[in-house]
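S.K.: any chance you could fold what I've pasted below:
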Amino acid sequence: MKRYIVPILALLFCTNCVTQKEYDKALNDFFNEAIKNKALTQSLDSLKADCAKKNSDLSAQIDQLKLDSTELSNLVESLQKEVDDQNAAYAKQQSEYQQKLKQAGDKNQKTNADLIQMQLDLEKQKLALQQKEADLKKAMEELKSREAKINELEKLLSEQKTKADALRDAIKKALTDFSAGELDVYTKDGKVYVSMSDKLLFKSGSTTVENKGVDALGKLSDVIKKNPDILVNIEGHTDNVPYGNGSGIIKDNWDLSLMRSSSVLHILTDKYKVSSMQVIASGRGEFFPKATNSTPDGRAANRRTEIILAPKVDKLLNIVNGD
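M.R.: Presented below is the predicted three-dimensional model:
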């Protein structure tokens, strides 16, 4: 989209240099591109909401797995006690049966009948005991499987946190030449945020990245290219001061934030060769401020571009879903 900006601005001041048809076509192309980018932003919002829900569901499922494992462990303990008690009762009855068998002989019909009934009872108790032992074995196998799944999930979550921390540290090291007022690097919800102020990237009202900003993006791109398994979301943000008079190419803050994030995306992918499969750009306008818009300092903090680096959670979701 950025490639249309300069020609169109030139046309605005020099309409005699081209035909009206060429001017209309260039303007129409630009607006079509802006519409596509807005659609991408809406799609991104939906994807981010879906990812947030999946992350929430994942945490809930891990908690539920732990709760189920505790209950299953209690069940195993209870079953084991029942098996032990039944084994003891079975051994006792079998001993009584053998004792009566020695005493009875063939002389007492009633005693023989009692012995037969006792033998039947012993067989029933033996079958019940075998079923309990089978239930215990199945419960123990399920408990072992659940514990293995929990251990694997916790290991992956720990690895993901370690990778996010290492990624944050690598980015901080790469961007040490820039001041705290120009950018900020931090982790949040398992993601690494690189928040760049507009004074580092853009002049007021401009969508062209300044040379110093291009240098910063170059250093950041070196880290991104070493981590091909992360996803990069570029979000443009503005303060709540209306942009211009709303009648030019950029009609409002939403357009401005979208075009700025698109400019950053093209520098990362075109100039520094970051994979296009990793990167997406979106415009957030003035709708997600990080500070108050009632003060100059607050508005300055809100005029920013956030580059959010998130590790993929495919492995975690596959484990939870049993794939």
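S.K.: from now on I want contacts and neighbour counts done on CA atoms only, so please keep to that.
M.R.: Noted.
S.K.: element containing residue 157?
M.R.: Element membership for residue 157, per DSSP states H and E: helix 109-174.
S.K.: quick one, strands of the stretch 151-300 of the chain?
M.R.: 183-188, 191-197, 230-237, 279-283 (DSSP state E, counting those that start in this stretch).
S.K.: distance of residue 73 from residue 148?
M.R.: 14 Å (C-alpha to C-alpha, to the nearest Å).
S.K.: so for the two, which sits in the more crowded spot?
M.R.: residue 73 (17 against 12; other C-alpha atoms under 10 Å).
S.K.: now that one: closest residue in space that isn't a chain neighbour?
M.R.: The spatial neighbour of residue 73 that comes closest, neighbours along the chain excluded (C-alpha to C-alpha, 6 or more residues apart in numbering), is residue 143 at 6.7 Å.
S.K.: please look at that neighbour and residue 77 and confirm they touch.
M.R.: No - shown here, residue 143 and residue 77 do not form a contact pair, counting by C-alpha atoms under 8 Å, at 11.3 Å.
S.K.: neighbour-wise, which of the two wins?
M.R.: Set side by side, residue 143 and residue 77 show unequal neighbour counts under other C-alpha under 10 Å, the larger going to residue 143 at 20 against 15.
S.K.: for residue 161, see how far away the residue nearest to residue 281 when sequence neighbours are not counted is.
M.R.: Distances taken as C-alpha to C-alpha, 6+ apart place residue 234 nearest to residue 281, at 4.7 Å, with adjacent residues excluded. Applying C-alpha to C-alpha, the value for residue 234 to residue 161 is 21 Å.
S.K.: between those two, which one's more packed in?
M.R.: residue 234 (25 against 17).
S.K.: quick one: pLDDT of the more buried one?
M.R.: According to the prediction, residue 234 has pLDDT 97.
S.K.: burial measure for residue 255, as a count.
M.R.: Count around residue 255 with other C-alpha under 10 Å applied: 20.
S.K.: wait, it touches residue 283, no?
M.R.: Yes - assessed by C-alpha under 8 Å, residue 255 is found in contact with residue 283 at 7.2 Å.
S.K.: so what's residue 314 scoring on pLDDT?
M.R.: Residue 314 is given a pLDDT of 54.
S.K.: ok, residue 92 next?
M.R.: On the pLDDT scale, residue 92 gets 75.
S.K.: likewise for residue 13?
M.R.: 42.
S.K.: ok, the one 5 residues further on next?
M.R.: Among the per-residue scores, residue 18 shows a pLDDT of 55.
S.K.: same check, this time on residue 154
M.R.: 79.
S.K.: ok, now which ones touch the residue nearest to residue 281?
M.R.: Taking C-alpha atoms under 8 Å, 6 or more residues apart in numbering, we find residue 234 in contact with 261, 264-265, 279-282, 305-308.
S.K.: mind running it again at 10 Å?
M.R.: Residue 234 is in contact with 193-195, 258, 260-265, 279-283, 305-309, counting by C-alpha atoms under 10 Å, 6 or more residues apart in numbering.
S.K.: ditto for residue 264
M.R.: 201, 207-209, 213-214, 217, 234-236, 270, 281, 305, 307.
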